[in-house]
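Colleague: let me see the structure of the following:
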Amino acid sequence: SLSQPEREGMFHRGPGLNLTSGQYTAPIAGYYTFSSTLHIVRREPRRKGQGRRGSRLRVLICVQSHCQHYSNLETVSRLESSGDLFTISVTGTLYLQAGQYASVFVDNTAGSPLTVQSGSDFSAILLGM
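Modeller: From the prediction side, this is the model:
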């Protein structure tokens, strides 16, 4: 879940971030740098042989919930058999029209349910028009 800053002045939040939906809506058209770091935990211990070999976890930042290659940022991480906590980051620049939104998606091909931990973050900075 997303959380508000602990004290005033830690962050300057523009009007575009909706903490309920997890979407950032661009107030004006322009190039935005997006960044997200997710702390992900396997909710169930993985038993030997469970899940597919080479399971991958994709984290994407997509525009208007369309995750085609031309409108998203993507990172892929292999889920190794050892360890239940993963930290995965994705960052890059996307062009948004005024009123378009971007949000974070997790594509889980692993055999175990996953939980995104508190302390994960999602940010957007306007670079220019």
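Colleague: distance check, D121 against V104.
Modeller: Going from D121 to V104 by Cβ to Cβ, to the nearest Å gives 10 Å. Quick note: C-beta positions are derived from backbone N, CA and C, even for glycine.
Colleague: list the residues that contact both of these two?
Modeller: By Cβ atoms under 8 Å, 6 or more residues apart in numbering, D121 and V104 have these common neighbours: S36.
Colleague: OK, contacts around T37?
Modeller: T87, I88, S89, S120, D121.
Colleague: ok, which pair from the residues you listed is furthest apart?
Modeller: Farthest pair in the contacts of T37 (Cβ to Cβ) is I88 and D121. Separation: 12.0 Å.
Colleague: look at Q100 and report its pLDDT.
Modeller: In this model, Q100 is scored at 95, pLDDT.
Colleague: can you check R47 too?
Modeller: For R47, the model assigns a pLDDT of 58.
Colleague: when you give positions from now on, start the count at 44
Modeller: Yep, numbering from 44; the last one is R90 now.
Colleague: report the distance from the helix or strand hosting I83 to the chain centre.
Modeller: For I83, the host element (DSSP states H and E) is strand 73-85. Centroid separation for strand 73-85 versus its chain: 4 Å, with Cα atoms, centre = their mean, to the nearest Å.
Colleague: sorry, back to before: more neighbours: I131 and D164, which one.
Modeller: Taking other Cβ atoms under 10 Å, I131 and D164 do not tie; I131 has more neighbours (18 against 14).
Colleague: and the angle from the helix or strand harbouring the more buried one to strand 73-85?
Modeller: Using DSSP H and E, I131 falls within strand 128-139. Relative orientation of strand 128-139 and strand 73-85, computed by axes from the mean of the first three to the mean of the last three Cα atoms, to 10 degrees: 160 degrees.
Colleague: can you list the strands that the helix or strand just after strand 128-139 pairs with?
Modeller: Next helix or strand after strand 128-139 toward the C-terminus (DSSP H and E): strand 144-151. Its sheet considered, strand 144-151 pairs with strand 66-68 (antiparallel), strand 99-106 (antiparallel) by DSSP bridges.
Colleague: having no further points to raise, I will conclude here.
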